[in-house]
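> sequence and predicted model, in that order:
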Amino acid sequence: MVDRGKFSDVRQLCLRLRPILGARMDQIYAAYLAEDVDGRIRLSTTLNYWLQKHIPHSLGQDEQS
């Protein structure tokens, strides 16, 4: 059985990164769909890393300390 929620999560990551990393995010998502489970895990991990690197959580949020 396919977990469509995971595909949607990865698609959202790609869409969030697209303004920064460009149209290659479409290719990366296509590669994600074609990968086996291990490949999808690696790509998902990489996308999450890129998201953390290029779009920090504190962006647009007031720091409360």
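Thanks, I have it.
> outside of the helix-or-strand element of the chain with minimal mean pLDDT, which residues touch it?
The weakest-scoring helix or strand in the chain, judged by mean pLDDT, DSSP states H and E, is helix 4-21 (a mean of 87). Here helix 4-21 makes contact (C-beta atoms under 8 Å, 6 or more residues apart in numbering) with 25-26, 28-29, 32-33, 40, 43-44, 47-48, 50-51, 54-55. For glycine as for every other residue, the C-beta is placed from the backbone atoms N, C-alpha and C.
> which residues of the protein score low on pLDDT?
1-5, 57-65 (pLDDT under 70).
> what's the separation between the spatially most central residue of the chain and Asp36?
Taking C-alpha atoms, centre = their mean, the centroid of the chain lies closest to Leu13, which sits 3.0 Å from it. According to C-beta to C-beta, to the nearest Å, Leu13 and Asp36 sit 19 Å apart.
> re the thing from before, buried residues in the least confident helix or strand of the chain, which are they?
10, 13-14, 16-17 (16 or more other C-beta atoms under 10 Å).
> what of stretch 48-56?
Buried positions in stretch 48-56, judged by neighbour count with 16+ other C-beta under 10 Å: 50-51.
> please save the CA atoms from stretch 43-61 in CSV.
Provided in CSV are the C-alpha atoms of stretch 43-61 (Å, rounded to 0.1, in the frame of the first residue of the first chain):
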residue,chain,number,x,y,z
LEU,A,43,15.9,12.2,-0.8
SER,A,44,13.4,13.1,1.9
THR,A,45,16.3,13.6,4.3
THR,A,46,18.2,15.7,1.8
LEU,A,47,15.1,17.9,1.2
ASN,A,48,14.6,18.4,4.9
TYR,A,49,18.3,19.4,5.2
TRP,A,50,18.0,21.9,2.3
LEU,A,51,14.8,23.3,3.9
GLN,A,52,16.6,23.9,7.2
LYS,A,53,19.6,25.4,5.4
HIS,A,54,17.8,27.8,3.1
ILE,A,55,14.6,28.5,5.1
PRO,A,56,15.4,28.8,8.8
HIS,A,57,12.5,28.3,11.3
SER,A,58,13.1,31.8,12.8
LEU,A,59,12.4,33.5,9.5
GLY,A,60,9.4,35.7,9.9
GLN,A,61,8.9,34.7,13.5
